[in-house]
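Novice: make a model of this:
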Amino acid sequence: MLAACDAVLKPNCETYQLHVGSALVVGPGATMQILHREDDACPFFKVTRPNLVLASMWAISDFTASNGATNLVPGSHRWQEGREARPDEIVAAEMPTGSVLLWMSGTLHGAGADRISRFESADEHRDNYEGRFIWNEGPDHSSSSIVGTAA
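Specialist: Okay, here's the model as predicted:
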């Protein structure tokens, strides 16, 4: 990870840091998230922006197109402002448990729709990881964050 961060971020900065750590679950019936860019939070730079963020996603369960794998638009970090993705340009980041996905901050991405009929990850993964992580659920249970390690 550090080598990837050095390669992507160091040309634009002297140092970098972990910005956000969270755990998200896409539940049954969830619709596709609107495609967005991590660097949309930095509007003071014109599109295409310098590489300010290297995003990562760590799969604690299998990511499939049917259970809401993150959608990405490869190469969209190089697009000019206003260019929209065509459906044939959107790719589901399917990956097995334990995989890590990295993408540039300007890459269009968003959670996929979950089309399976049962909630297969929250309880299973909470049981598997509760000895190592403290889970902080949002008030409506729509998202959770890993806020530290348990003793």
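Novice: could you look up the SS state of the residue nearest the centre of the chain?
Specialist: Central residue of the chain (C-alpha atoms, centre = their mean): M57, 4.8 Å from the mean position. In terms of secondary structure, M57 is strand; the call rests on DSSP: H, G, I helix; E, B strand; the rest coil.
Novice: now M95: phi and psi?
Specialist: Backbone torsions for M95, taken as degrees, to the nearest 10, come to phi -160, psi 150.
Novice: show the average pLDDT along stretch 47-60.
Specialist: Here the mean pLDDT over stretch 47-60 is 82, rounded to a whole number.
Novice: first-to-last residue distance for that stretch?
Specialist: The straight-line separation of the ends of stretch 47-60 (C-alpha to C-alpha, to the nearest Å) is 33 Å.
Novice: and that stretch, what's buried?
Specialist: With burial defined by 16 or more other C-beta atoms under 10 Å, the residues of stretch 47-60 counted as buried are 47, 49, 51-55, 57, 59-60. C-beta here means a position set from N, CA and C on the backbone, and glycine is covered the same way.
Novice: skip the chain neighbours and tell me the closest residue to the residue nearest to the centre of the chain.
Specialist: Counting by C-beta to C-beta, 6 or more residues apart in numbering, the nearest residue to M57 once its immediate chain neighbours are dropped is L101, at 4.5 Å.
Novice: isn't the residue nearest to the centre of the chain up against V100?
Specialist: Yes: the pair formed by M57 and V100 meets the contact definition of C-beta atoms under 8 Å, at 7.1 Å.
Novice: overlap in contacts, these two.
Specialist: In terms of C-beta atoms under 8 Å, 6 or more residues apart in numbering, M57 and V100 are not both contacted by any residue.
Novice: list the contacts of the residue nearest to M57.
Specialist: Going by C-beta under 8 Å, 6+ apart, L101 touches 56-57, 59, 70, 72, 93, 95.
Novice: would you mind putting those into CSV with distance to A4 alongside?
Specialist: Supplementary listing: the contacts of L101 in CSV, determined by distance: C-beta to C-beta, whole Å:
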residue, distance to A4
S56, 8
M57, 13
A59, 17
T70, 17
L72, 16
A93, 16
M95, 16
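Novice: closest one of the residues you listed to L35?
Specialist: Using C-beta to C-beta, L72 is the member of the contacts of L101 that lies nearest L35, at 8.9 Å.
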